[in-house]
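*Asks:* Structure here, sequence nowhere to be found:
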Ligand code: PHE
C-alpha cells in the first residue's frame, strides 16, 4: 500500500502584516450579512429578543470559534481540507476530520450562489439611485419598483453575472493585488456613511420606536426558532464555520496576536450590524412599513430615505457602491477555501481555480433567481412555510445547519484534539487565565450551546407536538 504523504509542499503567500489580516477578515465578516440580512432577521425575529440572543452568541460562540479557526489555519498554513488532514495526522486524530473542510467548501458555494444574486440587486440599485429613480417617490411605489425588478429573471441574471465576474477577477489576481487598498479606504467610508444615515433616521420621527424595537427585550418572543436564527446569523455574519476565517488565518504572519485580532474583527462586525439596524428601523416605523417584510427590507426602506433627503442621489449612490464593496470583500472569502485547495492539491493556477469555482457558484445562483421570479414555487421546509424556494433552502441549510455544524466541529477539534501545548503556543496568550478561559469555552460552552440548538432543530417537532 502506498503511504499518502499528508504534507503538501505548496506554499501560500502571506499577508504583509497583521493589520492586513484584520482588514481582510473584517472585509469578509462585514457584508450583506450586516446591512441586508441583520435588519430583516431582527424584523422577522421580533426585535430586541433576537438582538439579545445574537449578542450572547457573538460573545460565547463567535469569539472562541474565530480564535480556533485562525489557530488551526495558521498552524497548518493550508486550505481548510488539508489543514484538517495535516493537523489530524500530526495530532494522532482520525483523517475523517477533513470532512469539516469539505463541508465548508460546499457551504461556501451554496452561500455565494445566493449572496451574489443579492449583491447583484445592490449593483442594480447603485444605478437606479444614481439615475434619480427614487427621488420623492412614496413608499408604496418604491416597494412596487423592487417587486417588479426582482421578479424579472433576465435583469437579475445580468447583475448576478456581473458581480460573479468581479469576484472571480479579484480571486484570480490574489487578494493582495488591489482589493487590500480598496478595502482600506472603503471600510471607513462605509462606516461613516452608516453613521450619517443613523443621524438622518434620528430625525425621521421613528427613532424612539426603532430603539425600543431593537433593544427592549420582550421575552415572550424568545422562541426556539428565534434563538436558532440568531445563532445562525452570528455564524453567517462573522464568516464562521466554513473555513473562510481559517484560510485567511493561514496567511497570517507567525508573530501576530490571534486574540487581539479576533476582538477587533468581531467588534467591527457587531457595530456595523447594530448601526444598520438603527438606520433602517426608524425609516420602517416613520413610514408605517412592515418590519418583518424579509429580504426586500433594505431595498424598500433605504431608497425612501435617499429619495427624501437633500443630496439623496449622491449619498444613496455612494451608499450602494460601498455596500457592493462590502459584499465583494465577503464574496471572495467564500470561494478562497476551494481555490486554495485546487491550487494545493490539483496544481491548478489561481486563474483557472477562480474561474472554475466562480463559474460553479454562478450556475447555482440561477436557482436563487428562479426562487424570486415567475418560476417560483412553494416549498415547506423545516416547518416554516416559505415561498421563495431554493433561496430559502440554501439560506436555511447553510445559516442554520452547516455553518453551526462546521463551527461545532472546529471548536471540538481545536479544543480536544490539538494538544494544549500546541494551542497555547499558537495563541500566544499573555495570561494563563486567558488561555484557560478560551480552552473551557471552546471545549464545553460553544459546542454544548450549538449542539443543543442543532438537536432542537432536528428533533424539536417531537417536543412540542
Ligand atoms: N460574513 C459575510 C456577511 O456578513 C458572509 C459570509 C459568510 C462570508 C460566510 C464568508 C463566509 O456578509
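*Replies:* Arrived safely, thanks for sending. This is a predicted model, so every value here is computed, not measured.
*Asks:* shaky segments in the stretch 301-450 of the chain?
*Replies:* 374-388 (pLDDT under 70).
*Asks:* Average pLDDT for stretch 282-293, rounded please.
*Replies:* This predicted structure assigns stretch 282-293 an average pLDDT of 90.
*Asks:* Buried residues, it. List them.
*Replies:* 282, 283, 284, 285, 286, 287, 289, 291, 293 (16 or more other Cβ atoms under 10 Å). C-beta coordinates here come from the backbone N, C-alpha and C atoms, glycine included.
*Asks:* of those residues, list those near the ligand.
*Replies:* Restricting those to those adjacent to the ligand (criterion: Cβ under 6 Å from any ligand atom) removes every one of them.
*Asks:* Export those to TSV and append columns for secondary structure.
*Replies:* Listed next are the buried residues of stretch 282-293 as TSV, based on DSSP: H, G, I helix; E, B strand; the rest coil:
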residue	secondary structure
282	helix
283	helix
284	helix
285	helix
286	helix
287	coil
289	coil
291	coil
293	coil
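*Asks:* Nearest to residue 11 among these?
*Replies:* Among the buried residues of stretch 282-293, residue 293 lies closest to residue 11 (Cβ to Cβ), at 48.8 Å.
*Asks:* For the stretch 301-450 of the chain, what lies in contact range of the ligand?
*Replies:* For the stretch 301-450 of the chain, the residues in contact with the ligand (Cβ under 6 Å from any ligand atom) are 330, 333, 334.
*Asks:* Would you mind giving the residues you listed as CSV with distance to residue 191 added?
*Replies:* Written out in CSV, the entries for these read as follows (distance: Cβ to Cβ, whole Å):
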residue, distance to residue 191
330, 16
333, 19
334, 22
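*Asks:* correct me, but residue 14 touches residue 255?
*Replies:* No: under the contact definition of Cβ atoms under 8 Å, residue 14 does not touch residue 255, with a separation of 11.6 Å.
*Asks:* The two: who's more crowded?
*Replies:* The neighbour comparison of residue 14 against residue 255 (other Cβ atoms under 10 Å) goes to residue 14, with 16 against 7.
*Asks:* dump the residue contacts of residue 409.
*Replies:* Going by Cβ atoms under 8 Å, 6 or more residues apart in numbering, residue 409 touches 97, 99, 100, 103.
*Asks:* Okay, and the second one sits in which element?
*Replies:* So the one you mean is residue 99. Under the assignment given by DSSP states H and E, the secondary-structure element containing residue 99 is helix 99-130.
*Asks:* what's the closest non-adjacent residue to the residue of the stretch 51-200 of the chain found nearest the ligand?
*Replies:* Proximity of the stretch 51-200 of the chain to the ligand (Cβ to the nearest ligand atom) peaks at residue 111, 5.5 Å away. What sits nearest to residue 111 in space, not counting adjacent residues and going by Cβ to Cβ, 6 or more residues apart in numbering, is residue 398, at 5.1 Å.
*Asks:* Assign whichever residue of the chain sits closest to the ligand to helix, strand or coil.
*Replies:* Here the residue of the chain nearest the ligand is residue 33; by Cβ to the nearest ligand atom that distance is 2.1 Å. Of the three states, residue 33 takes helix under three-state DSSP.
*Asks:* Which helix in this structure has the most residues?
*Replies:* Of all the segments of type helix in the chain, defined by DSSP state H, the longest one is helix 312-345.
*Asks:* what packs against the helix or strand following that helix?
*Replies:* For helix 312-345, the following helix or strand on the C-terminal side (DSSP H and E) is helix 350-372. Contacting helix 350-372 under the criterion 3 or more Cβ pairs under 8 Å, 6 or more residues apart in numbering; DSSP states H and E are the following elements: helix 99-130, helix 153-173, helix 312-345, helix 390-396.
*Asks:* residue ranges of the helices in the stretch 1-150 of the chain, please?
*Replies:* Ranges of helices in the stretch 1-150 of the chain, per DSSP state H, counting those that start in this stretch, are 18-29, 32, 38-44, 48-57, 63-76, 80-90, 99-130, 139-150.
*Asks:* Out of these, which gets nearest to residue 278?
*Replies:* Distance to residue 278, taken as Cβ to Cβ, is lowest for helix 38-44 among the helices of the stretch 1-150 of the chain, at 9.5 Å.
*Asks:* so does the closest one get close to the ligand?
*Replies:* No: applying Cβ under 6 Å from any ligand atom, one finds helix 38-44 separated from the ligand by no less than 8.1 Å.
*Asks:* Check which helices and strands that helix is in contact with.
*Replies:* In this structure, helix 38-44 makes packing contacts with helix 48-57, helix 224-237, helix 258-286, helix 297-308, judged by 3+ Cβ pairs under 8 Å, 6+ apart.
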